[in-house]
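> Predicted coordinates and the sequence they were generated for:
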Amino acid sequence: MIEYVGRVEDGLPVLDVRAHAWLAGPRTAGIIYTHQLTIALLDDSGAMKDGDAVLTRARALGWVETSNYAGWAAPCPGWEARLLDDHLLVRQPDGALWYDGTLPTTEAWREAAREAGQIYHFTAATGDLGSIGDQIASGDALAVVSTLT
């Protein structure tokens, strides 16, 4: 894990986010986002303002803990995803991009996404694919559901 600690006015570093297609069930297309950077922000006095700015931002945009299935079981208003071949574009409710990059998928994954018209998105504080999978199962990860356009 890599950690970035800085002041709010210094801005945020660029995250190396990777998207991994996950067929969680025969009709459940999911994406797990991994990154190796935890961003902690300090206020002007040097006191901790936000221990994980990435997850704070996700929560502000509608992501909820995976332990709260009722909170993320249906599409979250404003979240939209588009997949063209292996290119994924995900927009958050404020219109900004959440993800714009590659997502290699199988035909079964694409069929599940098209059939359901939605995609399940998961992320956690940091970690590799396996550790985030464990965090999803234990309820410690975050999830949101987007509409597939």
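Structure received.

> what residues are up against residue 17?
33-35, 99, 101 (C-beta atoms under 8 Å, 6 or more residues apart in numbering). Every C-beta, even on glycine, is put in place using the N, C-alpha and C of the backbone.

> Leaving out the residues flanking it, which one is nearest to residue 27?
Excluding its sequence neighbours, the residue lying closest to residue 27 (C-beta to C-beta, 6 or more residues apart in numbering) is residue 112, at 5.0 Å.

> List the buried residues in the host helix or strand of that neighbour.
Applying DSSP states H and E as the criterion places residue 112 in helix 107-116. For helix 107-116, burial by neighbour count (16 or more other C-beta atoms under 10 Å) applies to 109-110, 112-113, 116.

> So which of those residues is the closest to residue 90?
Using C-beta to C-beta, residue 113 is the member of those that lies nearest residue 90, at 12.3 Å.

> Report the contact partners of residue 83.
Taking C-beta under 8 Å, 6+ apart, one finds 89, 103, 105, 110, 113, 148 in contact with residue 83.
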